[in-house]
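Chemist: the sequence isn't on hand, but the structure is:
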């Protein structure tokens, strides 16, 4: 089957049925994972937090008329919105890399990197909605929303990825001012777009976490002897008789990539975490939840 058949009515119906069939499993996994995190009292609901003035910002498309501070706006040529601390930081934007490299799993006993990223993303979205926050996906133009219906929309969008190349590239939509964000990827592609995207996010007061999702085989490079390395699309192929001789150079490059991601995160006020699909998802979800609390405005 060629790629262009995905746009025929038959292929679209097949994809829709596949997505619908996968949704219950993804949501069940995410709900079970979210249930392992004890929320306690949510940080956004402390007395007085929602009334504390944070800043004025220029009005944007979609702002309600009632949110405009007319007295402040009268002193300028543009309209201004008065933001409180809670209003500025109540949106959580989530990005999941759906490139073909993310579909890799070194063992049938482990989930693919993509499936683990989707599960963590939806579990985080469930926790955010339970805490009264709005959630959204970074690659969609729709604004973040709250409620169970939004969770269903997000799950459906995550399970219906676009055609992608071997490695993902961060091209997020403009995120709300002061929002928090989490991006899941293996980050094995070009690092430049990551640095650019986080720089643009930092300019809007957006902080969050980079979560690098890797298969254990990508960490330990267990290959030896004659080995054919092939990208998930088959576009890149490399055969060697001495795969073991590549291990040291590979591990050095992987360590360098991790160091680059940590440095980018540090310089932009973000945090970095590496998750392995051979491990349980609960510790990483707890780390992400606590990391978002620490970068909260």
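Modeler: All right, it came through fine. Remember, it's a predicted structure, so these values are computed and weren't measured experimentally.

Chemist: quick check: which ranges of the stretch 151-297 of the chain have low pLDDT?
Modeler: 161-163, 171-172, 232-234, 296-297 (pLDDT under 70).

Chemist: at 90 instead, please
Modeler: Within the stretch 151-297 of the chain, the ranges that satisfy pLDDT under 90 run 159-179, 203-205, 220-247, 250, 290, 292-297.

Chemist: quick one: the strands in it?
Modeler: In the stretch 151-297 of the chain, the strands defined using DSSP state E, counting those that start in this stretch lie at 180-185, 207-214, 227-230, 237-240, 271-276.

Chemist: nearest approach to residue 154 belongs to which of the ones you listed?
Modeler: Comparing those against residue 154 with CB to CB, the closest turns out to be strand 180-185 (12.8 Å). C-beta coordinates here come from the backbone N, C-alpha and C atoms, glycine included.

Chemist: partners of the closest one in the sheet?
Modeler: strand 91-96 (parallel), strand 207-214 (parallel) (DSSP bridges).

Chemist: want to try a markdown table for these, with mean neighbour count and distance to residue 199 as columns?
Modeler: Converted to a markdown table, the strands paired with strand 180-185 look like this (neighbours: other CB atoms under 10 Å; distance: least, CB to CB, whole Å):
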| stretch | mean neighbour count | distance to residue 199 |
| --- | --- | --- |
| strand 91-96 | 25 | 15 |
| strand 207-214 | 24 | 12 |
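
Chemist: that older thread, as JSON lines, the strands of the stretch 151-297 of the chain with distance to residue 250 would be great.
Modeler: Shown next, in JSON lines, are those (distance: least, CB to CB, whole Å):
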{"stretch": "strand 180-185", "distance to residue 250": "19"}
{"stretch": "strand 207-214", "distance to residue 250": "13"}
{"stretch": "strand 227-230", "distance to residue 250": "10"}
{"stretch": "strand 237-240", "distance to residue 250": "11"}
{"stretch": "strand 271-276", "distance to residue 250": "16"}
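
Chemist: can you tell me which of the ones you listed is most buried?
Modeler: strand 180-185 (a mean of 27; mean count of other CB atoms under 10 Å).

Chemist: so what touches that strand?
Modeler: 89, 91-97, 99, 102, 117, 120-121, 124, 138, 168, 170, 172, 175, 201, 206-213, 288, 292, 295-296 (CB atoms under 8 Å, 6 or more residues apart in numbering).

Chemist: can you lay out the strands paired with strand 180-185 as JSON lines showing distance to residue 181?
Modeler: Conversion of the strands paired with strand 180-185 to JSON lines gives the following (distance: least, CB to CB, whole Å):
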{"stretch": "strand 91-96", "distance to residue 181": "4"}
{"stretch": "strand 207-214", "distance to residue 181": "4"}
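
Chemist: tell me which of these sits nearest to residue 65.
Modeler: Per CB to CB, nearest to residue 65 of the strands paired with strand 180-185: strand 91-96, 20.4 Å.

Chemist: contacting residues around stretch 74-83?
Modeler: 53-60, 63, 67-69, 72-73, 177-178.

Chemist: which of these lies closest to residue 110?
Modeler: residue 178 (37.0 Å).

Chemist: ok, now how distant is residue 119 from residue 28?
Modeler: According to CB to CB, to the nearest Å, residue 119 and residue 28 sit 10 Å apart.

Chemist: the two: who's more crowded?
Modeler: residue 119 (24 against 11; other CB atoms under 10 Å).

Chemist: spatially nearest residue to the more buried one, not counting backbone neighbours?
Modeler: The spatial neighbour of residue 119 that comes closest, neighbours along the chain excluded (CB to CB, 6 or more residues apart in numbering), is residue 29 at 4.8 Å.

Chemist: work out for me the element that neighbour sits within.
Modeler: helix 9-35 (DSSP states H and E).

Chemist: please state the offset of the host helix or strand of residue 116 from the chain centre?
Modeler: Take DSSP H and E as the rule and residue 116 turns out to sit in helix 113-130. Centre-to-centre, helix 113-130 and its host chain are 9 Å apart (CA atoms, centre = their mean, to the nearest Å).

Chemist: helix or strand right after that helix?
Modeler: strand 134-137.

Chemist: one step back: could you list every residue that touches the residue nearest to residue 119?
Modeler: Contacts of residue 29 by CB under 8 Å, 6+ apart are 119, 122-123.

Chemist: mind putting the residues you listed into CSV with pLDDT and distance to residue 79?
Modeler: Formatted as CSV, the contacts of residue 29 follow (pLDDT from 0 to 100; distance: CB to CB, whole Å):
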residue, pLDDT, distance to residue 79
119, 95, 41
122, 95, 36
123, 94, 38
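
Chemist: many thanks, have a good one.
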